[in-house]
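**Q** here's my sequence, what's the structure:
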Amino acid sequence: MIFIQRGILHISFLFFISLFQTECIAQTFDSTAFKYASFIDKNRLKKHLEIFVSDSLEGRETSSIGFLKSANYVSYIYDSLNFPVMVKGSYFQEIPLVKIRNSPKRIKTGKKDYTDLLDFFSYGGFGEVDLVDKEIAFVGYGIEDSVWNSYNTVDVSGKVVLFLEGTPSTKRKIQPISVKFNGSAGIKKKLKIAKKKNAIAALIVIKDFQKSNQYAKKVIDKEKLMYLEGERDFPFFYINEEMANELLNTNRYSVNKFTKKIYKKGAPISFNTSESINISSTDSGNNLKCRNILGYLEGKNDQQEVIIVSAHLDHLGLHDGKMYRGADDNASGCAAVLNIAEAFSRASNEGFRPKRSILFLLVSGEENGLLGSKYYTNNPVFPLENTIANLNIDMVGRTDTVHIKGDEYIYIIGSDRISPILHETNDKANSNYVHLNLDYTYNDAKHPLKLYRRSDHYNFVKKGIPVIFYFSGLHEDYHEPGDTKDKIEYELLEKRTKLVFHTLWELANSEEKL
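**A** Below you'll find the predicted structure:
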């Protein structure tokens, strides 16, 4: 009797727990979102993708006829969804680009004529430069922040600045100098400071000159596209240590002597050198036009706040008789964006318009240095302070060399860097609906590939906007002609696209702000 009563009690307790769990799930599971996620379909994704990789689009190289055709196809889809035109009566945001052709550079002093690609090199893009008898100001490490100021004892206005890469090592204990001044990003930061100080050019002493110079020799003669915001009027050149020593010798300095003195002193050292310099370049270029394509779905309750879903439309095009179709990179991401747009449009037409607005943004020039997303974030159609998140989709159609076939995974990059709420939202969407293996390998800030910086979301990061980068990893056909439609795993592409859809649905309808 007691046994039976305990059994009944045990069964009743299990029933209560089961009912409680069901109610909890019901609170998080959105049947409406689930319904419209069913419009994310592998066949629809395949249709879009096959158009993007078709022969007539010739690999969608930035600014090419094939790219413009692909942009027209996207605008056709947006028009069929009755999205309003947002930029001067068009779905297109035009991007001013310039195609640069490098010319030999010349640097000389009264004592020596230096040799391009031996003593120094530059990636060019400065237009015509003709600097005659200009003073050189040595500004040490070229740093200016609250800890270290290389400019506090020297005026560089109208002069050529000379500085070392990296940050100083000192014997004295000082507050750490920001790591932002290290690496290529640090050099860019230093160049901005020099330009702000009204310097007219820069010479940068780099540690591994030979390795960097070898790379420069491979790419220096290639034409390249650039989106430039006043950068063309500030020439800069990488120089070897021997050239730097010759320029500093008039002041009885060398790079080695300087670094040792900095180590002992623990404070900046800067001075005007006794050397003057001539720099000339005749780089030429022709202006091109390219475009981002914008599809806008206005929110029901808060038209001011915008969530951006992005992917890059460009790829590598035709080279040496081979077509680089970019089925995974990034026709897969573009197909995902279009299919998500179709699903949200269907929901809106049937009375389930999202509370927040959504911008479906396909950008150009990613393969040339994230040019399209850089242009948008510098020239936003919607104020960036109202842009609450960017969900960026780049290469989501295949299995990489790390995972095995049949592994239903997706790499998540950047979700927790700015907003923990965004990370939790994506994780919740996956747990409730999709059940992919979320792989955070590339989210590690110390990962050598640094993928957090290598797709269009990063230009939003630099503006302080929370992001998620959805990525399925690298494979043997990355940037090769073998990246073709027959290697796309469409069922897996569908599942990954549904994860983005559900995350977007939650963000667009949540009462909580990031």
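
**Q** and the protein, what are its domains?
**A** 33-97+288-509, 103-282 (automatic domain parsing).

**Q** quick check: which of those domains is buried the most?
**A** Across these, averaging neighbours per residue (mean count of other C-beta atoms under 10 Å) puts domain 33-97+288-509 on top, at a mean of 20. (Each C-beta comes from the backbone N, C-alpha and C, glycine too.)

**Q** distance from the chain centre to that domain, please.
**A** 13 Å (C-alpha atoms, centre = their mean, to the nearest Å).

**Q** first-to-last residue distance for that domain?
**A** 10 Å (C-alpha to C-alpha, to the nearest Å).

**Q** now do stretch 217-235
**A** Stretch 217-235 stretches 18 Å from its first residue to its last (C-alpha to C-alpha).

**Q** before we move on, what about stretch 431-451?
**A** 25 Å.

**Q** one more: stretch 343-361?
**A** 16 Å.

**Q** just to revisit the earlier point, pick out the shakiest of the domains of the chain, pLDDT-wise.
**A** In terms of average pLDDT, domain 103-282 trails the rest of the domains of the chain, at a mean of 89.

**Q** who's A137 bridged to?
**A** V161, N272 (DSSP bridges).

**Q** quick check: it touching S276?
**A** No: assessed by C-beta atoms under 8 Å, A137 is found out of contact with S276, at 11.4 Å.

**Q** what helices and strands are in contact with the longest strand that the chain contains?
**A** Counting by DSSP state E, the longest strand found in the chain is strand 284-297. With contacts taken as 3 or more C-beta pairs under 8 Å, 6 or more residues apart in numbering; DSSP states H and E, strand 284-297 sits against helix 65-80, strand 92-101, helix 332-349, strand 356-363, helix 371-378.

**Q** run through who's touching the last one.
**A** I take that to be helix 371-378. Outside of helix 371-378, the residues within contact range by C-beta atoms under 8 Å, 6 or more residues apart in numbering are 62, 93, 95, 97, 225-227, 229, 290, 292, 310, 312, 314, 361, 363-366, 384, 456-460, 462-463.

**Q** helix or strand right after that helix?
**A** Next in sequence after helix 371-378, counting helices and strands by DSSP states H and E, comes strand 387-393.

**Q** check which helices and strands that next one sits against.
**A** Looks like strand 387-393 contacts strand 302-312, helix 332-349, helix 457-461, strand 467-471, helix 490-509 (3+ C-beta pairs under 8 Å, 6+ apart).

**Q** partners of that strand, with directions?
**A** Short version: by DSSP bridges, strand 387-393 pairs with strand 302-312 (parallel), strand 467-471 (parallel).

**Q** could you pull out the strands for the stretch 1-150 of the chain?
**A** Using DSSP state E, counting those that start in this stretch, the strands of the stretch 1-150 of the chain run over residues 92-101, 106-108, 113-114, 120-121, 128-138.

**Q** give me the distance from the longest strand of the chain to the chain's centre.
**A** On C-alpha atoms, centre = their mean, the centre of strand 284-297 falls 17 Å from that of its chain.

**Q** how about the CA coordinates for it, as PDB?
**A** C-alpha atoms of strand 284-297 as PDB (Å, rounded to 0.1, in the frame of the first residue of the first chain):
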ATOM      1  CA  SER A 284      47.400  57.000 -62.300                       C
ATOM      2  CA  GLY A 285      43.900  55.700 -62.000                       C
ATOM      3  CA  ASN A 286      40.400  55.800 -63.500                       C
ATOM      4  CA  ASN A 287      37.200  56.200 -61.600                       C
ATOM      5  CA  LEU A 288      34.700  53.400 -61.500                       C
ATOM      6  CA  LYS A 289      31.300  53.000 -60.100                       C
ATOM      7  CA  CYS A 290      30.000  50.100 -58.100                       C
ATOM      8  CA  ARG A 291      27.000  49.600 -55.800                       C
ATOM      9  CA  ASN A 292      25.500  48.200 -52.700                       C
ATOM     10  CA  ILE A 293      22.000  46.900 -53.000                       C
ATOM     11  CA  LEU A 294      19.500  47.800 -50.300                       C
ATOM     12  CA  GLY A 295      16.200  46.100 -49.500                       C
ATOM     13  CA  TYR A 296      14.200  47.700 -46.700                       C
ATOM     14  CA  LEU A 297      11.400  46.300 -44.600                       C
END
